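Trainee: what follows is a protein structure lacking sequence information:
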């Protein structure tokens with residue numbers, strides 16, 4: 001009787017665990033099946049987090065995903081992916097400094113091409129903006145230092161006359177005029193600071209573009225530093241992640257539909273289980289520097305090898 005009760009409790013515990021972690025278990029089994037029997041059943045996906053600051057609709061984004069999956073499916077005439085409401089892979093559109101930088105560059109009228117000439121042109125723009133920023137920053141620091149000295153002297157004088165308990169009319173008028181002047185100067189300094197912050201943000205956008213281009217073109221140049229903030233050195237437009245909680249594709253940046261489709265196709269390739277290849281024109285090359293929207297021989301070879309075709 002005691003053994004039977006123990007067995008019932010164990011079965012109940014297992015059942016409860018399966019129920020509580022049914023989603024994780026389902027994801028794990030789906031990933032296991034796709035690894036053991038690759039390309040037999042389509043990998044399902046759904047749209048997860050979607051940030052509207054990219055300025056595109058979900059329908060447009062889904063259309064880009066459909067184009068990306070077709071890049072893999074058409075050459076082998078297989079249904080490798082499928083959009084479902086509860087798909088196993090969540091595709092997220094995440095807005096951060098990368099897309100912010102892209103949009104700032106577009107607002108500045110800076111077009112980023114994938115060649116050394118574009119790098120040199122943007123570098124010249126960076127040098128000019130950086131020099132102007134340093135000059136403005138020096139003016140700002142000087143005015144802040146002068147303001148702080150004046151403000152300290154004003155407060156000392158006010159404290160002195162407050163202790164006296166009375167003051168002359170001339171002194172009162174002088175203190176009132178100085179206070180009004182300090183308020184006006186504080187407002188002017190705030191405007192300078194706002195302008196500096198805007199300029200720093202624009203320079204940082206150019207830094208993001210320069211560092212990405214340097215990596216894509218394999219240039220032997222120093223990493224540019226951000227103004228007033230720290231960013232990671234690695235620039236990733238997208239990333240595929242797999243964990244016990246499931247699979248996700250995070251998209252962080254794109255400036256054209258072509259680049260969006262390519263980065264989606266690249267991450268879908270990782271979702272299939274494909275590695276990076278050495279061909280710089282390939283979808284599975286480690287950097288998204290090409291405009292090619294078709295599988296190269298290197299891509300196709302890895303796909304056929306993986307799917308056993």
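Mentor: Perfect, I can see it now. Just so it is clear, the model here is predicted, and its values are computed rather than measured.
Trainee: hang on, residue 278 packs against residue 285?
Mentor: Yes - here residue 278 reaches residue 285: they are 7.5 Å apart, a contact under CB atoms under 8 Å. (C-beta placed from N, C-alpha, C; glycine too.)
Trainee: looking at those two now, which is surrounded by more residues?
Mentor: residue 285 (21 against 9; other CB atoms under 10 Å).
Trainee: how close does that one sit to residue 266?
Mentor: From residue 285 across to residue 266, the span is 8 Å (CB to CB, to the nearest Å).
Trainee: ok, residue 213 next?
Mentor: Taking CB to CB, one finds residue 213 at 18 Å from residue 266.
Trainee: of those two, who's got more company?
Mentor: Higher neighbour count among residue 213 and residue 266: residue 266, with 27 against 23, using other CB under 10 Å.
Trainee: dihedrals phi and psi, the more buried one?
Mentor: phi -60, psi -50 (degrees, to the nearest 10).
Trainee: show me what contacts it?
Mentor: 238, 283-284, 288 (CB atoms under 8 Å, 6 or more residues apart in numbering).
Trainee: which residues of the stretch 151-300 of the chain fall in helices?
Mentor: Assigned by DSSP state H, counting those that start in this stretch, the helices in the stretch 151-300 of the chain fall at 169-216, 257-272, 297-307.
Trainee: most packed of the ones you listed?
Mentor: Burial of these is given as mean neighbour count (mean count of other CB atoms under 10 Å); helix 257-272 ranks first at a mean of 22.
Trainee: run the angle between that one and helix 297-307 for me.
Mentor: 30 degrees (axes from the mean of the first three to the mean of the last three CA atoms, to 10 degrees).
Trainee: centre of the chain versus helix 257-272, how much separation?
Mentor: When distances are taken as CA atoms, centre = their mean, to the nearest Å, helix 257-272 is centred 16 Å away from the chain's centroid.
Trainee: leaving out the residues flanking it, which one is nearest to residue 304?
Mentor: residue 76 (7.1 Å; CB to CB, 6 or more residues apart in numbering).
Trainee: need the pLDDT of the one you found.
Mentor: Looking at residue 76, its pLDDT is 93.
Trainee: now residue 27
Mentor: 54.
Trainee: where does the protein dip in pLDDT?
Mentor: Low-confidence segments of the chain (pLDDT under 70): 1-37, 226, 228-236, 289-290.
Trainee: check which element follows the longest strand along it along the chain.
Mentor: Ranked by residue count, the top strand of the chain under DSSP state E comes out as strand 43-50. Later in the chain than strand 43-50, the nearest helix or strand by DSSP states H and E is helix 58-76.
Trainee: just the strands in the stretch 1-150 of the chain please.
Mentor: 43-50, 81-83, 89-93 (DSSP state E, counting those that start in this stretch).
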